[in-house]
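> A structural model of the following input is requested.
(4 chains)
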There are 2 protein chains.
Amino acid sequence: MIYRRTHQVVKRLAARRSAILAAARDAAAEGGMAAVQIAPVASRANVAAGTVYRYFPSKSDLISELIADVSRDELAAIRRAADAAPGPSSALAAAVTTVAVHVLSHRKLAWGILAEPVDVDVNASRLASRREIAGEIELRIGAAVRAGHLPAQDTALAACALLGALHEALVGPLAPDNLDDPAKLRDAVQTVTLLALRAVGVMDARARGLVVQAVLPAKILVGA
Amino acid sequence: MIYRRTHQVVKRLAARRSAILAAARDAAAEGGMAAVQIAPVASRANVAAGTVYRYFPSKSDLISELIADVSRDELAAIRRAADAAPGPSSALAAAVTTVAVHVLSHRKLAWGILAEPVDVDVNASRLASRREIAGEIELRIGAAVRAGHLPAQDTALAACALLGALHEALVGPLAPDNLDDPAKLRDAVQTVTLLALRAVGVMDARARGLVVQAVLPAKILVGA
DNA sequence: AGCGATCCTGAATTGGTGTTCAGTTCTTTC
DNA sequence: GAAAGAACTGAACACCAATTCAGGATCGCT
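Numbering: from 1, shown residues only, chains lettered A, B, ... in the order given. Model (predicted):
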């Protein structure tokens, strides 16, 4: 008598799985990674604590997958924005703006994904995701360099620095707390993008133009 | 019969206090904030666990003071370097270089102080220290702006971004791991300083000059 | 329906770390 | 030198959250 999962069951299992992940994401968005605890997450997902362990071997695995998930979304958004730009410099500006906007739209979540403390095994996953995003930025910087728009430079280090600047200025603990006003938000994104572009060597005047072009299409309507 | 602390006793108590703080600092330098646990720290300081509580009301207080301590040192170093510079732009370059070098000399410690997870009450202290350092950088940026060397800008946001860039590029998880070689180290400091200066609007050519001047006096002999 | 396989539950277990405190040792004072 | 006060010790306690697991519920097959 062989037990075989029916379509419906498979779907239900998948749904539960994503429900748990979604619950974890919500928890992280509200209270950072520290708030991603098995019991609360299970409760959010309308599941018992033990059930979580039928879908994820451990809390670390759950968080790793959460990070991978969020990063995948972000990476896709960056690529989309950059690929839609008319040239390498615009692409870089678009990529940077996208990161800024994304990070601002869920500051707590971003903080948790980027910087909050986790176990060693989670760090591996986090690192990989981060590398991908940094790699994408690096690519765009490299393209701009090859196009002669930027001076030659260590693109990897530059990419790290850019991301660091964005994160610290926008979601770090010193980030201005008055970013609820959409206008201020827009200003912050513009300012930081400008800084980032100048950092890699875009001339001030040209950078200002790129920023304006990049910010226009980006949706800066962000929920808490 | 009134007990009055003798000089010797006062000194011994003070010595113990600093021994505990030093032990905490060492622990943090080795394994990050997570390694700052009462039992190990007490053991390092040649003291029983309970004794720690005669000097610090709680672990949070201990860590808060540790953070304040380290930050005070760093702030002093920044001021010293900047004040010794001949002009506002040089001062900014010197300040940035100093941060870079300091952060590199104890990466784990810096990471713990800057980004590792801690209780809410500790965060307040950490925030204050960080604000001071960011404030100092902000001052230097402001001075350079007033001197006409930089375009007008949001100095607070710029300061945050600069620090974020430095930290991420030098001690963040994506930081190159080959920084044991002093030459590479020097390169990294130069590169990042250059990025930082350009970010706030120093022209590329001029920035390169400032970097060289700033890096020369900075000791880039750093232990693990 | 009936039976075994799978899945779910949630209370109990586990592990690790901050904190306490009764007992001990050292210090001051007379 | 002895009494009283302070400081120190370290094992015991408390707390919190991850993880487990025996029992109950559900599902797939005949």
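> contacting residues for A:Val118?
A:Val118 makes contact with A:33, A:60, A:63, A:126, according to Cβ atoms under 8 Å, 6 or more residues apart in numbering or on different chains. For the C-beta atoms, the positions are set from N, CA and C on the backbone; glycine is no exception.
> near chain B too, which of those?
Among those, the residues within reach of chain B (Cβ under 8 Å from any Cβ of the partner chain) are A:33, A:126.
> return the subset of the contacts of A:Val118 lying in helices.
A:60, A:63, A:126 (DSSP state H).
> if we go by neighbour counts, what in stretch A:60-70 is buried?
A:60, A:62-70 (16 or more other Cβ atoms under 10 Å in any protein chain shown).
> with only the CA atoms kept, save it in PDB.
Provided in PDB are the C-alpha atoms of stretch A:60-70 (Å, rounded to 0.1, in the frame of the first residue of the first chain):
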ATOM      1  CA  SER A  60      19.000  28.700  10.200                       C
ATOM      2  CA  ASP A  61      17.700  27.100   7.100                       C
ATOM      3  CA  LEU A  62      14.600  29.100   7.300                       C
ATOM      4  CA  ILE A  63      16.400  32.400   7.600                       C
ATOM      5  CA  SER A  64      18.900  31.400   4.900                       C
ATOM      6  CA  GLU A  65      16.000  30.800   2.500                       C
ATOM      7  CA  LEU A  66      14.400  34.000   3.600                       C
ATOM      8  CA  ILE A  67      17.500  36.000   2.800                       C
ATOM      9  CA  ALA A  68      17.900  34.200  -0.500                       C
ATOM     10  CA  ASP A  69      14.300  35.000  -1.400                       C
ATOM     11  CA  VAL A  70      14.500  38.700  -0.700                       C
END
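> wait, does that stretch contact DNA strand D?
Yes. Shown here: stretch A:60-70 in contact with DNA strand D (Cβ under 7 Å from any atom of the strand) through A:Ser60.
> need the residues of chain A near DNA strand C, please.
Counting by Cβ under 7 Å from any atom of the strand, chain A sits next to DNA strand C at A:1, A:3, A:5, A:9, A:12-13, A:16, A:46-51, A:53-54.
> if we use 6 Å, what do you get?
Chain A has residues A:1, A:3, A:16, A:47-51, A:54 near DNA strand C, with proximity defined as Cβ under 6 Å from any atom of the strand.
> A:Asp177: how many residues sit nearby?
7 (other Cβ atoms under 10 Å in any protein chain shown).
> report the secondary structure state of it.
What DSSP: H, G, I helix; E, B strand; the rest coil gives for A:Asp177 is coil.
> nearest to DNA strand C: which residue in chain A?
Closest residue of chain A to DNA strand C, Cβ to the nearest atom of the strand: A:Gly50 (1.6 Å).
> now the helices for chain A?
Using DSSP H, the helices assigned to chain A run over residues A:7-31, A:38-44, A:49-55, A:59-83, A:88-105, A:107-114, A:120-146, A:155-170, A:182-199, A:204-215.
> and among those helices, the most buried is which?
Most buried of these, by mean neighbour count (mean count of other Cβ atoms under 10 Å in any protein chain shown): helix A:155-170, with a mean of 27.
> picking that back up, closest to B:Asp119 out of the helices of chain A?
Proximity to B:Asp119 (Cβ to Cβ) singles out helix A:7-31 among the helices of chain A, at 13.5 Å.
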